[in-house]
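*Asks:* no sequence on this one, just coordinates:
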């Protein structure tokens, strides 16, 4: 099964790479990600100033990470004189250098890392929502490199389509969508205090919980600017998630938070699972998924749900959650046609797949 993907002159053996964050913050971590088989390597975001990071700074729940960790806690001098030169000795796949944040930072940093980078990822997390400021940042980078530039969009940008158009006009090659969601908050009820927060009490949220937002943003951007490359990030935890992002318009994907929740070896597991996922869903290659696109069909009338009695375990979950009080149990699950709104919640939540709509 062919897992290759290529874009903007970059050739990846598979579409999975790490997202910028705590797992790619030094040489040991970069080499670990190599050993995991990632199709490309991304650095932690390097900036001119060192961050002040409150501790503790990372909270993990079942489906999300809350994080008040900032950009690289290692100085740019160490990156350009020690980490990156040493990494180049074993470099065997594209290296995307993540930088932040302002136009002035770019003018200062890009020339210093140019000989190491195959492409640039630029975080816009702390530069506000003014697209003119972001455009000027892109222009400053483009004045210092001919290599691919990918601008990372934060969810607080109100108009992803406008963002995509602006960075394209300024000379960027694509978008990394999306950055973590926020500001968000973690409260400890027992101590009645904010924890894991910055000086304002806030953290940023990432992981599987933000996947629906990330997918929609990838799709919006690709629909608005089809010639832009989109790198999807936000909520990936499985090979199936990778395929969903590719169908939505991404050419490759990044993951970090799920590896913090499930273990760092999740990278190699997803890569190993990709051939099985492709086969399961009828694809022969990653490129076929990328080129396939998505159907859009809006249906305003469905059938009444139907029950497969052999699969039903009488857990009664469907009856408990039905918002229309349309499910009864006179010894077997039944659906009241006068009350059922055909909303589909019972189908989505049934633990055994016993409920479905009639196929049209």
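*Replies:* Right, received. Where do you want to start? Only a predicted model underlies this, so the values are computations on that prediction, with no experimental measurement involved.
*Asks:* just the strands in the stretch 201-350 of the chain please.
*Replies:* When secondary structure is read from DSSP state E, counting those that start in this stretch, the stretch 201-350 of the chain shows strands at 203-206, 229-233, 252-255, 306-307, 327-328, 334-335.
*Asks:* mind putting those in a markdown table, mean neighbour count, mean pLDDT and distance to residue 129 included?
*Replies:* C-beta coordinates here come from the backbone N, C-alpha and C atoms, glycine included. Written out in a markdown table, the entries for these read as follows (neighbours: other C-beta atoms under 10 Å; pLDDT from 0 to 100; distance: least, C-beta to C-beta, whole Å):
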| stretch | mean neighbour count | mean pLDDT | distance to residue 129 |
| --- | --- | --- | --- |
| strand 203-206 | 24 | 96 | 16 |
| strand 229-233 | 28 | 98 | 19 |
| strand 252-255 | 28 | 98 | 22 |
| strand 306-307 | 15 | 96 | 48 |
| strand 327-328 | 18 | 96 | 45 |
| strand 334-335 | 18 | 96 | 47 |
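*Asks:* between the ones you listed, which gets nearest to residue 94?
*Replies:* When the strands of the stretch 201-350 of the chain are ranked by distance to residue 94, counting by C-beta to C-beta, first place goes to strand 252-255 at 9.8 Å.
*Asks:* show me where the stretch 1-150 of the chain has helices.
*Replies:* Using DSSP state H, counting those that start in this stretch, the helices assigned to the stretch 1-150 of the chain run over residues 27-35, 76-78, 84-88, 103-113, 131-142.
*Asks:* The last one: how far from the chain's middle?
*Replies:* Relative to its chain's centre, helix 131-142 lies at 23 Å (C-alpha atoms, centre = their mean, to the nearest Å).
*Asks:* Ok, stretch 132-145 next?
*Replies:* When distances are taken as C-alpha atoms, centre = their mean, stretch 132-145 is centred 24 Å away from the chain's centroid.
*Asks:* Now that stretch: buried residues?
*Replies:* Using 16 or more other C-beta atoms under 10 Å as the burial criterion, the residues of stretch 132-145 that qualify are 134-135, 137-142, 144-145.
*Asks:* out of the helices of the stretch 1-150 of the chain, nearest to residue 175?
*Replies:* Using C-beta to C-beta, the helices of the stretch 1-150 of the chain put helix 131-142 closest to residue 175, at 11.1 Å.
*Asks:* List the contacts of the closest one.
*Replies:* Residues from elsewhere that reach helix 131-142 (C-beta atoms under 8 Å, 6 or more residues apart in numbering): 102-104, 106-107, 110, 120, 122, 124, 127, 149, 151, 162-163, 166-167, 169-172.
*Asks:* just the buried members of those residues?
*Replies:* With neighbours counted by 16+ other C-beta under 10 Å, the contacts of helix 131-142 contain buried members at 102-103, 106, 110, 120, 122, 124, 127, 149, 151, 163, 166-167, 170-172.
*Asks:* Residue 58 touches residue 23, doesn't it?
*Replies:* No: with contacts counted by C-beta atoms under 8 Å, residue 58 stays clear of residue 23, the gap being 10.9 Å.
*Asks:* okay, those two: which has more neighbours?
*Replies:* Of the pair residue 58 and residue 23, residue 23 is the one with more neighbours under other C-beta atoms under 10 Å, namely 21 against 16.
*Asks:* Please verify my assumption that the more buried one contacts residue 260.
*Replies:* Yes: with contact defined as C-beta under 8 Å, residue 23 counts as touching residue 260 (7.3 Å).
*Asks:* for this protein, what are the low-confidence residue spans?
*Replies:* Screening the chain residue by residue with the criterion pLDDT under 70, one finds the ranges 360.
*Asks:* of the buried ones among the contacts of helix 131-142, closest to residue 201?
*Replies:* Each of the buried ones among the contacts of helix 131-142 was checked against residue 201 using C-beta to C-beta; the closest is residue 127, at 21.6 Å.
*Asks:* who touches the closest one in this structure?
*Replies:* With contact set as C-beta under 8 Å, 6+ apart, residue 127 has these partners: 101-102, 133-134, 137.
*Asks:* follow-up on the earlier one: looking at the helices of the stretch 1-150 of the chain, which is nearest to residue 5?
*Replies:* Among the helices of the stretch 1-150 of the chain, the nearest to residue 5 by C-beta to C-beta is helix 27-35 (17.2 Å).
*Asks:* List the buried residues of the closest one.
*Replies:* Of the residues in helix 27-35, those buried by neighbour count under the rule 16+ other C-beta under 10 Å are 27, 29-30, 32-33.
*Asks:* what's the answer for stretch 184-198, then?
*Replies:* By neighbour count, with 16+ other C-beta under 10 Å as the criterion, the buried positions of stretch 184-198 are 184, 186, 195-198.
*Asks:* repeat for stretch 150-159
*Replies:* For stretch 150-159, a neighbour-count test (16+ other C-beta under 10 Å) marks 150-155, 157 as buried.
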